[in-house]
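In: coords please:
(chains A, B, C and D)
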2 protein chains.
Amino acid sequence: MNTLGYAILSALGRKSYSGYELGKYLDNVWPAKHSQIYPLLTKMEEKGFLVHEIVEQVGRPNKKIFSITEKGKQALEKWIAKSPSDPIHRDEFLIKIYSASLLGEENSIKLVHERIAKLDESIASLSGKITEIEQMEELETTSKEFGRYLLFSRKYRLAEEEKAWCHWVLDKLKNKKIKFTVLFLAFAGRFSLPLDVFSWAAII
Amino acid sequence: MNTLGYAILSALGRKSYSGYELGKYLDNVWPAKHSQIYPLLTKMEEKGFLVHEIVEQVGRPNKKIFSITEKGKQALEKWIAKSPSDPIHRDEFLIKIYSASLLGEENSIKLVHERIAKLDESIASLSGKITEIEQMEELETTSKEFGRYLLFSRKYRLAEEEKAWCHWVLDKLKNKKIKFTVLFLAFAGRFSLPLDVFSWAAII
DNA sequence: CTCGTCATGTAATTCGTTACATGATTGA
DNA sequence: TCAATCATGTAACGAATTACATGACGAG
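Out: Numbering: from 1, shown residues only, chains lettered A, B, ... in the order given. Prediction:
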């Protein structure tokens, strides 16, 4: 079985889902389209890792709720124990920002602003989800929501950090001439100095 | 042409590279194996986006150095102007940490420690590259190294942030026990057990 | 009245990885 | 001497995206 299969098992290890619902959850860890998910669910059921029951609904299509089997759990546990392979990041934005000089200053700035807007959206949605989980009492490491909590917190922190980087880039693009300030910002960023960078810049 | 093709053009927009060298650079923005790169370079040359010259070497295989053409530059500029599609992140570690409860506390902690070790490696290598670029005078936004500088700085900051998140997770995984200790102490207090405040504080 | 959500599936195509091939050089 | 780096290529396979299909419901 491939990684997608294990991602599905890991989701079903906590709660039963339909293929449609799985598609949404998977976005957080291993994005896949429904055209990949549905046939795989069928295969996994044939191999005995899953079972499903049909839930009839009114006013909307019936759904198949999949549950993990004992065999599925064993396969998952075995896979989880092995050390994970390296993550894969593919990001067109990075290719474009790399060639920022071809874009010209104005368009580069626009590109970064658009990135910030997307990050802001993501941050807003994540902070909602996070406070929702935090509201619940008894957030134990064994709780059903704990895994999601870790994932959302990570995504939130990384989004905030990338946003900070974006602003740093904007500064570079705009303050081309103020080299010393820029270098200082890079320095402070690398060592996480607890200094108010703007006041520092103001002093210079 | 696909995104990989544009990633190649964007690299060649700054400097000419061999297919082998491109493979390394691309890791930062759009990872690809040589088996994907070489045939694509041939196709792109057929379409007039690239040209190559053979550089003969002693003691090692000859190489083909590819350069972007005017047609290639135009194609790249056109593509860069469009807004980038969403990034794709696939990370087995996230699937595994999501199912941390199946792993047990000890193995979860081990998993996170291994992640930290990888991040540390990455951080060390990046900070070397960054200081190297910073050492150069005249780091203008139009400089050849500017794009790499932005990319490396971003990766560095995100790695540091993920590391901080890892430590936060470790704290969560470990503090489970402290909760019980606190509960026990509260319980002991109700019965006026002979515990002094200082040992209580020390345990917390 | 169109667009987004819910809900599942297949078919065609492209993208990406692994494996097959070759071979000299250098450092641990 | 074993692995890694340099260097390029093809073939087979598996993974992922896009397009084809269907259809009801509710919000704007």
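
In: The top helix by length along chain A vs DNA strand C: in contact?
Out: Secondary structure assigned by DSSP state H gives helix A:105-135 as the longest helix of chain A. No - judged by Cβ under 7 Å from any atom of the strand, helix A:105-135 and DNA strand C are separated, with a smallest distance of 11.9 Å. Any C-beta I mention is one placed from the backbone N, CA and C, and that applies to glycine too.

In: Does anything pack onto the helix or strand just after that helix? Which helices or strands?
Out: As assigned by DSSP states H and E, the chain's next helix or strand after helix A:105-135 is helix A:146-174. The contact analysis (3 or more Cβ pairs under 8 Å, 6 or more residues apart in numbering or on different chains; DSSP states H and E) places helix A:146-174 against helix A:105-135, helix A:179-191, helix B:92-98, helix B:100-103, helix B:146-190.

In: how far is helix A:146-174 from where the chain is centred?
Out: Centre-to-centre, helix A:146-174 and its host chain are 11 Å apart (Cα atoms, centre = their mean, to the nearest Å).

In: what's the next secondary structure element after the helix or strand that contains residue A:5?
Out: Under the criterion of DSSP H and E, residue A:5 resides in helix A:3-12. From helix A:3-12 onward toward the C-terminus, using DSSP H and E, the following helix or strand is strand A:17-18.

In: if we look at that next one, which residues are touching it?
Out: A:11, A:25, A:55, A:63-66 (Cβ atoms under 8 Å, 6 or more residues apart in numbering or on different chains).

In: let's go with 10 Å and repeat that
Out: A:8, A:11, A:23-26, A:37, A:41, A:52, A:54-55, A:61-67 (Cβ atoms under 10 Å, 6 or more residues apart in numbering or on different chains).

In: Generate a PyMOL selection restricted to the buried subset of those.
Out: Of the contacts of strand A:17-18, the buried ones can be selected in PyMOL as follows, counting by 16 or more other Cβ atoms under 10 Å in any protein chain shown:
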select buried, chain A and resi 8+11+23+25+26+37+41+52+63+64+65+66
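
In: Go through the contacts of strand A:17-18 and flag which are in helices.
Out: A:8, A:11, A:23-26, A:37, A:41.

In: Of the residues you listed, which are in range of DNA strand C?
Out: A:24, A:41.

In: residues touching residue A:100, list them.
Out: Taking Cβ under 10 Å, 6+ apart, one finds A:107-109, A:111-112, A:169, A:172-173, B:80, B:141-142, B:146-147, B:150 in contact with residue A:100.

In: Let me have those residues in CSV, extended by neighbour count.
Out: As requested, the contacts of residue A:100 are exported to CSV (neighbours: other Cβ atoms under 10 Å in any protein chain shown):
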residue, neighbour count
A:107, 14
A:108, 23
A:109, 16
A:111, 22
A:112, 23
A:169, 22
A:172, 25
A:173, 18
B:80, 24
B:141, 19
B:142, 11
B:146, 19
B:147, 25
B:150, 22
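
In: Kindly indicate which of those lies nearest DNA strand C.
Out: residue B:80 (17.5 Å; Cβ to the nearest atom of the strand).

In: Now for the closest one, which secondary structure element holds it?
Out: helix B:70-81.

In: Contacts (any at all) between chain A and that helix?
Out: Yes - using Cβ under 10 Å from any Cβ of the partner chain, helix B:70-81 reaches chain A at B:73, B:76-77, B:79-81.

In: Contacts for that helix next, please.
Out: By Cβ under 10 Å, 6+ apart, the list of residues contacting helix B:70-81 reads A:92, A:95-100, A:102-104, A:107-108, A:110-111, B:1, B:3, B:5-10, B:12-13, B:44-45, B:47-51, B:66, B:68-69.

In: Mind listing what's buried along it?
Out: Buried residues in helix B:70-81, counted by 16+ other Cβ under 10 Å: B:72, B:75-76, B:79-80.

In: which residue packs closest to residue A:148, ignoring adjacent ones?
Out: residue A:133 (6.6 Å; Cβ to Cβ, 6 or more residues apart in numbering or on different chains).

In: Just confirm yes or no for stretch A:41-54 near DNA strand D.
Out: No - judged by Cβ under 7 Å from any atom of the strand, stretch A:41-54 and DNA strand D are separated, with a smallest distance of 9.7 Å.

In: circling back to that earlier point, next, the angle from the helix holding residue B:80 to helix B:3-12.
Out: Here helix B:70-81 runs at an angle of 110 degrees relative to helix B:3-12 (axes from the mean of the first three to the mean of the last three Cα atoms, to 10 degrees).

In: mind listing what residue A:108 touches?
Out: Shown in contact with residue A:108 (Cβ under 10 Å, 6+ apart): A:96-97, A:99-102, A:169-170, A:172-173, B:80, B:141, B:150.

In: Show me which residues of chain A sit near DNA strand D.
Out: Applying Cβ under 7 Å from any atom of the strand, one finds that chain A approaches DNA strand D through A:2-4, A:31-33, A:35-36, A:59-61.
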